[in-house]
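Peer 1: sequence and predicted structure are below.
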Amino acid sequence: MSFVVVARYTTAERDRVVDLLGPMAEASRREPGCLRYTVHTGIEDGVVVIVEEYDSEADFTAHCASEHFTRIVLGEVVPLLSDRQVTRCVPVGA
């Protein structure tokens, strides 16, 4: 069963956040257990949505402990956000 995370960021600095998330996505896709890491932007607003899929919740936990997550997301992206929502999901009927 896979483990999915949807992160929704609101920011006045969408382009800067997207630029920072480029290297984050590349590094995350190389992690063991990462099946998908895609960055999306709202068409008409400052919303950035990240969809992540892992083999397990443990793989996501390891992702959150990684050097690149700590440095990029916590150190550079989060200070640029006015709102951050993270939803952890499992498939229905799994």
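Peer 2: Everything's here; your move.
Peer 1: mind listing the helices for this structure?
Peer 2: Ranges of helices in the chain, per DSSP state H, are 14-29, 57-64, 67-68.
Peer 1: for the longest one, name the packing helices and strands.
Peer 2: Using 3 or more CB pairs under 8 Å, 6 or more residues apart in numbering; DSSP states H and E as the contact criterion, the elements in contact with helix 14-29 are strand 34-41, strand 47-54, helix 67-68. No exception for glycine: its C-beta is placed from N, CA and C like everyone else's.
Peer 1: repeat for the second one
Peer 2: Counting contacts by 3+ CB pairs under 8 Å, 6+ apart, the secondary-structure elements packed against helix 57-64 are strand 3-11, strand 47-54.
Peer 1: among these, which is nearest residue 80?
Peer 2: For residue 80, the closest of the helices and strands packed on helix 57-64 is strand 3-11, at 5.2 Å, according to CB to CB.
Peer 1: let me have the helices of the chain in a markdown table, adding mean neighbour count as columns.
Peer 2: Shown next, in a markdown table, are the helices of the chain (neighbours: other CB atoms under 10 Å):
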| stretch | mean neighbour count |
| --- | --- |
| helix 14-29 | 16 |
| helix 57-64 | 16 |
| helix 67-68 | 12 |
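Peer 1: can you lay out those as JSON lines showing mean pLDDT and distance to residue 7?
Peer 2: Shown next, in JSON lines, are these (pLDDT from 0 to 100; distance: least, CB to CB, whole Å):
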{"stretch": "helix 14-29", "mean pLDDT": "97", "distance to residue 7": "10"}
{"stretch": "helix 57-64", "mean pLDDT": "97", "distance to residue 7": "11"}
{"stretch": "helix 67-68", "mean pLDDT": "97", "distance to residue 7": "15"}
